[in-house]
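A.B. asks: Need coordinates for the following:
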Amino acid sequence: MVNGILALLKQELLLSVIIIVLLIIKISADEWKTSNLLNVINLLLLINFSAGFVLNLEGSLFNGMFNTNKLIILEKNILNLATLIISLQSFNWLKEHKHVIEFYVLMLCTLLGMFFMISSGNLLSFYVGLELSSIPLAAMANFDLARRQSSEAAFKLIISSAFSSALLLFGISLMYGATGSLDFEIIRQQLNGSSMQLFAFILLLSGFAFKISVVPFHLWTADVYEGAPVAVTSYLSVVSKASIFFVFVPVLYTVFKSLAGSWYLMLVVLSILTMVIGNLFAIRQNNLKRLLAFSSISQVGFILVGISGSSQAGSASVIYFVLIYTLSNLGAFGVISFISALTGKESIDDYKGLYTTNPLLSWVLAIALFSLAGIPPTAGFFGKFFLLMAGAGGGHYELIVIAAINMVVALYYYLRVIKAIFMESNEHPIEKLKISPLPRLAMLLCASGIIVTGFIGWLYDYIFSLSTRF
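C.D. replies: Residues are numbered from 1 along each chain as shown. Model prediction:
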């Protein structure tokens, strides 16, 4: 019995053990050289990622409040992979920071909250996991202690998180009043489409929309991305959003299945607004972090197109695209993080002529941007193809046409960066930078993953076989 409980909670317990180990190390942190400390932490994160593939069981605990299965385990492994890559990429930045242990404790606490959120079978356990994953993020956003922008980013993040949490709590309260339960299965059985239930659902949807930066709930995104350290921006844009989608899709497809006629129209409107406004604002940006912020907003719009398909293909395409988006966005942010840590330069104009001095960084960034744009043969093309095919399953081809037009618009600002890197000159280009082994490994992982993932045909089939059936 105890062994079964420990096995079901394996990933959460392992994260908790790593957090405790880091706290113990903190007691003697003065005796550790920072680079050695980072190597030990990265080794622990590698062990954590590897352990996600062995001794996995399916089942539920605490009267259905905690659930795990093969799909949930895969989703947690994707988050573990992203966290490991972000850690490797941040080596140069963290090597000069005084609070390395604190950064990792905060990051792993948020990851632990996301794990509980993904496994939740109850609105209360979902909300507790959400708060555990959200509150430490504000402290992480403020981790550049000497920069005023970093403090501003943390303030905006905590205010927007508080507002979205208030909407969620209000929605949860109304849903409990309308159905008499917080359990997902009982809520599903009690839904009848009443006005109170629809209002409660809209509040819940609004809370989710804040977390994943859906227009018009996106106003905090660009400022927080620009002000936070690049490592934190990477974490926000990939790990935080991915965890919400991993919860959002099964909740829509199973718990609120009977309200599909209503939420389909909501998703169509939100996806169009998100794609269009995200792209229009991205075109105007010169700061790369702000450009990728609005780019990530438009990518959320494409994901909503896939979700609107209301099918097993929709669920599979979202998870498949999130994996590809993780590699692509982290590839782009990895280069930006490395250059920012060593030179402080983050604008497109600063990157003019980058290829003449740093060809490896240039190619990794180009491959990542090609993937985000959905250009073949990168994995991003296949990811967006499956999303659009899933969205077309609903029969509303107008939405697919709008999505395709937005893909063309997005090409402009992605190619603008690539043009600056390869085709424009700069009197004072970024000097040749020496790439440390760990950041180099992270960049190569992302670049090779972007190329290879799209050609691994069985990967999508495997995700499809595990996905939520509608």
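
A.B. asks: what separates residue 46 from residue 392, distance-wise?
C.D. replies: Distance of residue 46 to residue 392, computed by Cβ to Cβ, to the nearest Å: 40 Å. Every C-beta, even on glycine, is put in place using the N, C-alpha and C of the backbone.

A.B. asks: Which one's more surrounded, those two?
C.D. replies: Shown here are residue 46 and residue 392; by other Cβ atoms under 10 Å, residue 392 has more neighbours (18 against 14).

A.B. asks: can you list the weak-confidence ranges in this protein?
C.D. replies: By pLDDT under 70, the low-scoring segments of the chain are 1-4, 29-31, 310, 394, 426, 468-470.

A.B. asks: Farthest out from the centre of it, which residue is that? Tell me.
C.D. replies: Computed with Cα atoms, centre = their mean, the residue of the chain farthest from its C-alpha average is residue 427, at 36.8 Å.

A.B. asks: Which helix or which strand is home to it?
C.D. replies: Under DSSP states H and E, no helix or strand contains residue 427.

A.B. asks: And stretch 288-296, what's buried?
C.D. replies: 288, 289, 290, 291, 292, 293, 294, 295, 296 (16 or more other Cβ atoms under 10 Å).

A.B. asks: Residue 328 against residue 379, yeah?
C.D. replies: Yes: with contact defined as Cβ atoms under 8 Å, residue 328 reaches residue 379; the gap is 7.4 Å.

A.B. asks: intersection of neighbour lists for the two?
C.D. replies: 371, 450 (Cβ atoms under 8 Å, 6 or more residues apart in numbering).

A.B. asks: Can I get the buried residues of stretch 288-296 in a markdown table including distance to residue 409 and secondary structure?
C.D. replies: Listed next are the buried residues of stretch 288-296 as a markdown table, based on distance: Cβ to Cβ, whole Å; DSSP: H, G, I helix; E, B strand; the rest coil:
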| residue | distance to residue 409 | secondary structure |
| --- | --- | --- |
| 288 | 18 | helix |
| 289 | 20 | helix |
| 290 | 17 | helix |
| 291 | 13 | helix |
| 292 | 16 | helix |
| 293 | 17 | helix |
| 294 | 12 | helix |
| 295 | 11 | helix |
| 296 | 15 | helix |
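
A.B. asks: so which of those residues comes closest to residue 197?
C.D. replies: Nearest to residue 197 among the buried residues of stretch 288-296, counting by Cβ to Cβ, is residue 296 at 31.6 Å.

A.B. asks: So the closest residue to the closest one other than its chain neighbours versus residue 8, what's the distance?
C.D. replies: Nearest non-adjacent residue to residue 296, counting by Cβ to Cβ, 6 or more residues apart in numbering: residue 237, 4.8 Å away. To residue 8, residue 237 is 30 Å away according to Cβ to Cβ.

A.B. asks: ok, those two, which is more surrounded?
C.D. replies: Legend: neighbour count by other Cβ under 10 Å for residue 237 and residue 8, higher for residue 237 (26 against 20).

A.B. asks: wait, doesn't the more buried one sit right on residue 225?
C.D. replies: Yes: with contact defined as Cβ under 8 Å, residue 237 reaches residue 225; the gap is 6.9 Å.

A.B. asks: who touches both of those two?
C.D. replies: By Cβ under 8 Å, 6+ apart, residue 237 and residue 225 have these common neighbours: 292, 293, 296.

A.B. asks: Now distance to residue 55 too, for the residues you listed, in CSV please.
C.D. replies: Formatted as CSV, those follow (distance: Cβ to Cβ, whole Å):
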residue, distance to residue 55
292, 37
293, 39
296, 35
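
A.B. asks: Residue 272: neighbour count?
C.D. replies: Look at residue 272: counted by other Cβ under 10 Å, it has 19 neighbours.

A.B. asks: And it, how close does it get to residue 400?
C.D. replies: 11 Å.

A.B. asks: Same question for residue 234.
C.D. replies: As for residue 234, its distance to residue 400 is 30 Å (criterion: Cβ to Cβ).

A.B. asks: higher neighbour count, those two?
C.D. replies: The residue with more neighbours, out of residue 234 and residue 400, is residue 234; 28 against 16, by other Cβ under 10 Å.

A.B. asks: part of a helix, is the more buried one?
C.D. replies: Yes: Residue 234 sits within a helix when classified using DSSP: H, G, I helix; E, B strand; the rest coil.

A.B. asks: If you drop the residues flanking it in sequence, what lies closest to it?
C.D. replies: Once flanking residues are discounted, residue 234 sits nearest to residue 333: 4.0 Å by Cβ to Cβ, 6+ apart.

A.B. asks: what about the one you found, helix or strand, and which?
C.D. replies: Taking DSSP H and E as the criterion, residue 333 maps to helix 312-343.

A.B. asks: If we go by neighbour counts, what in that helix is buried?
C.D. replies: Neighbour-count burial for helix 312-343 flags 312-341 (criterion: 16+ other Cβ under 10 Å).

A.B. asks: Show me where the stretch 1-150 of the chain has its strands.
C.D. replies: Counting by DSSP state E, counting those that start in this stretch, the stretch 1-150 of the chain has strands at residues 59-61, 66-68.
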